[in-house]
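> Quick one: sequence plus predicted model below, questions after.
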Amino acid sequence: MPHTELVGNIHIHSIASDGTGDIGEIASAAARSGLDFVIVTDHNTFQPKLEGLYNTVAVLIGQELHVADANHLLVIGGRRDLTPLAALPQDVIDAASADGALTFLAHPFERPGRVPPMRAIPWEDWAVKGYTGLELWNYMSEIKASLSSPLRTLAAAYAPDCVISGPFAETLARWDELAQRRPVPVIGGSDAHAEWFSIGPLRRQVHPYEHLFRCVNTHILVSSEAPLGSLAELKRELYGALAAGHSFVAYDKLAGAKGFRFDLREGGVVVATMGDRAAWRPGLVIHATAPSHCRMRLIGNGQVIMESDGTELQFALMRPGVYRLEALRRFAGSLRGWIYSNPVYVS
Ligand SMILES: [Zn+2]
Ligand SMILES: [Zn+2]
């Protein structure tokens, strides 16, 4: 069973495309935020030479590929620049798979911003096959969606915690639907650009890297005990766990999510964890534990089948299904999404 938890931020832009920070600045912001790794995914470029261990933080280089305002595809663990194939997502997915790389559909559902006007960049090519999974929760997509009035835009800039509430319902629904057919691992992304905005003499970096690295992160459970020993070993472990869905997405700013676990037990023994498949038999029990008090929602085949408050949840399974857990916490008067586990698949 996996037992080392690595916390990282995925989907980051640097000065290699339209971000504002270089790799050194991104790595030090990640270190200040307490992250173990970051995966930088610049638009239509690939700079693997920048990969490395920057003190305690592993900086890994992926890509975000696209040619238009739709079908943005994240490639993680790639070996070559797939930009020449960007016009056809299926070609990128096939080439990445052949290289052993992972592909995630980025911000698959998006909503436009109104103040200022910003286009939605959704995933449209749902006929694609063979991709790894979905970016379930994209922090900057949620910020964009909140830009609906001057007041909300001010809130998004100066009190972003007030506008963040969880992945879009459409993304959750599509994930549940796809996961009925095959395991679909999900990741969380910041889509960090850390842009500067000027209004008259005022110049402000509205969502700096350090802030973004404390928000929507992906927590990965790897089997190695010393994964930071070498970069090659870390990459092998990390990409293997991402592909297997041995991970969960968490909005750590609401409360630290490290230590959350969701697994399947039989006679008190863990027999499967997030991302795993298990054969159905009587006596299987879902078990979840959270590092602090929250509302836990057990979802089976897309439906809420149990809800309880606390730090632990147990549920004796009566039938096969795809089971996942959502944990929510109250902030500023309403329940906000906090943790989204990858499912266990019982068939
Ligand atoms: Zn994008
Ligand atoms: Zn992006």
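Structure received. Ligands and ions are numbered 1, 2, ... in the order given.
> What number of residues are in the vicinity of the residue nearest to Gly256 when sequence neighbours are not counted?
Closest residue in space to Gly256, ignoring its immediate chain neighbours: Pro291 at 6.3 Å, by C-beta to C-beta, 6 or more residues apart in numbering. For every residue, glycine as well, the C-beta is placed using N, CA and C. Neighbour count for Pro291, taken as other C-beta atoms under 10 Å: 16.
> How about the contacts made by Pro291?
For Pro291, the contacting residues are Ala255, Gly256, Ala257, Lys258, Gly259, Phe260, Thr311, by C-beta atoms under 8 Å, 6 or more residues apart in numbering.
> Get me the contact residues on the stretch 151-300 of the chain for ligand 2.
Within reach of ligand 2 by C-beta under 5 Å from the ion, the stretch 151-300 of the chain has these residues: Asp191.
> Enumerate the residues of the stretch 1-150 of the chain near ligand 1.
Contacts of the stretch 1-150 of the chain with ligand 1, taken as C-beta under 5 Å from the ion, map to His72, Ala106.
> residue boundaries of the strands in the stretch 1-150 of the chain?
Taking DSSP state E, counting those that start in this stretch to define them, one finds strands in the stretch 1-150 of the chain at 4-12, 37-43, 52-54, 57-65, 73-76, 102-105, 133-138.
> of the ones you listed, which approaches Ile23 most closely?
With C-beta to C-beta as the criterion, Ile23 lies closest to strand 57-65 of the strands of the stretch 1-150 of the chain, at 5.9 Å.
> follow-up on the earlier one: could you save the contacts of Pro291 as a markdown table and add columns showing pLDDT and neighbour count?
Below are the contacts of Pro291 laid out as a markdown table (pLDDT from 0 to 100; neighbours: other C-beta atoms under 10 Å):
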| residue | pLDDT | neighbour count |
| --- | --- | --- |
| Ala255 | 98 | 17 |
| Gly256 | 98 | 14 |
| Ala257 | 98 | 24 |
| Lys258 | 98 | 13 |
| Gly259 | 98 | 12 |
| Phe260 | 98 | 23 |
| Thr311 | 98 | 15 |
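> Check the stretch 1-150 of the chain for the residue nearest ligand 1 and tell me.
For the stretch 1-150 of the chain, the residue closest to ligand 1 is His72, as judged by C-beta to the ion, at 3.5 Å.
> Quick check on the residue nearest to that residue when sequence neighbours are not counted: phi, psi?
Spatial nearest neighbour of His72, excluding adjacent residues (C-beta to C-beta, 6+ apart): Ala106 at 4.0 Å. Main-chain dihedrals, Ala106, degrees, to the nearest 10: phi -80, psi 150.
> Ala106 contacts Ile76, correct?
No: if you go by C-beta atoms under 8 Å, Ala106 and Ile76 don't touch, sitting 11.0 Å apart.
> closest to Pro167 among the contacts of Pro291?
Nearest to Pro167 among the contacts of Pro291 is Ala257, at 14.6 Å by C-beta to C-beta.
> Let me know the secondary structure of that closest one.
Assigned by DSSP: H, G, I helix; E, B strand; the rest coil, the conformation of Ala257 is coil.
> quick one, what contacts it?
Neighbouring residues of Ala257 by C-beta under 8 Å, 6+ apart: Asn217, His219, Phe248, Ala250, Tyr251, Ala290, Pro291, Ala327, Trp338, Ile339.
> And the residue of this structure closest to ligand 2?
For the chain, C-beta to the ion, closest residue to ligand 2: Asp191, 4.3 Å.
> how many neighbours does that residue have?
27.
> measure the residue nearest to it when sequence neighbours are not counted to Ala169 for me?
With C-beta to C-beta, 6+ apart as the measure, Met140 is the residue that lies nearest to Asp191, at 3.9 Å, once sequence neighbours are left out. As judged by C-beta to C-beta, to the nearest Å, Met140 and Ala169 stand 18 Å apart.
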